[in-house]
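Visitor: mind looking at a prediction? Sequence and model below.
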Amino acid sequence: MLFALYQPDIPQNAGTILRLGACMGLAVHIIEPAGFQWSDRTLRRAGMDYVDHVEIVRHDSFARFLEDRPAGRLVLATTRAATAHTEFEFAADDILLFGRESAGVPENVHAAADARIVVPMRPEMRSLNIAVSAAIIAGEALRQTDGFCLPAS
């Protein structure tokens, strides 16, 4: 399982997801262009020293990502989905795709997804922070696939 971030535009959120990936053992693929400089100190501040412990793969476009991505279903987190993340049956090789914080993903990316899921929330609320959504969805996906890195007892 891995994260894919489509043109992320808030470095603090990308940094938080990098930290989450490091802690959960999930690679993070960045689909460019990002809305910030990769060397941005806010990215480093949010990811702290965890950024050095996560596999980061950068793709210069969505087309290149599709060409180079590992095998597995592309599972898009979107407020336009009808399937709750808790009702979806995750697989260990799923690619969890998250769109731009400001605009989601365009139609061609939406159409390329093998599945679309949503984190259920109160109907009067617009959306969750992308890093919060990533944590909620990854937690359920890892639970279903026994993917948590638990210490030996």
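Guide: Looks like it arrived, so ask away. Residues are numbered from 1 along each chain as shown.
Visitor: out of everything not next to it in sequence, what's closest to residue 61?
Guide: Counting by CB to CB, 6 or more residues apart in numbering, residue 61 lies nearest to residue 32, which is 6.7 Å off, once chain neighbours are set aside. Backbone N, C-alpha and C define where each C-beta goes, glycine included.
Visitor: contacts only, for the one you found.
Guide: Taking CB atoms under 8 Å, 6 or more residues apart in numbering, we find residue 32 in contact with 7, 58, 59, 60, 61.
Visitor: who wins for neighbours among these?
Guide: Neighbour tally across the contacts of residue 32 (other CB atoms under 10 Å): the maximum, 20 neighbours, falls on residue 7.
Visitor: which residues does that residue contact?
Guide: By CB under 8 Å, 6+ apart, the neighbours of residue 7 are 31, 32, 33, 34, 35, 99, 100.
Visitor: swap the cut-off to 7 Å and go again
Guide: Shown in contact with residue 7 (CB atoms under 7 Å, 6 or more residues apart in numbering): 31, 32, 33, 34, 35, 100.
Visitor: how many other residues sit next to the first one?
Guide: Read that as residue 31. 27.
Visitor: wait, it touches residue 63, no?
Guide: No. Taking contacts as CB atoms under 7 Å, residue 31 lies outside contact range of residue 63: 9.7 Å.
Visitor: list the contacts of stretch 55-71.
Guide: Outside stretch 55-71, the residues within contact range by CB under 7 Å, 6+ apart are 4, 6, 18, 27-32, 93, 95, 109, 112.
Visitor: closest to residue 105 out of the contacts of residue 32?
Guide: Lowest distance from residue 105 to the contacts of residue 32 (CB to CB) belongs to residue 7, with 8.3 Å.
Visitor: for the closest one, give me the pLDDT.
Guide: pLDDT recorded at residue 7 is 97.
Visitor: and what of residue 52?
Guide: In this model, residue 52 carries a pLDDT of 84.
Visitor: you'd agree it is in a strand?
Guide: No. Residue 52 is assigned helix when assessed by DSSP: H, G, I helix; E, B strand; the rest coil, not a strand.
Visitor: count the neighbours of it for me.
Guide: 11.
Visitor: repeat for the one 4 residues further on
Guide: Applying other CB under 10 Å, we find 16 residues neighbouring residue 56.
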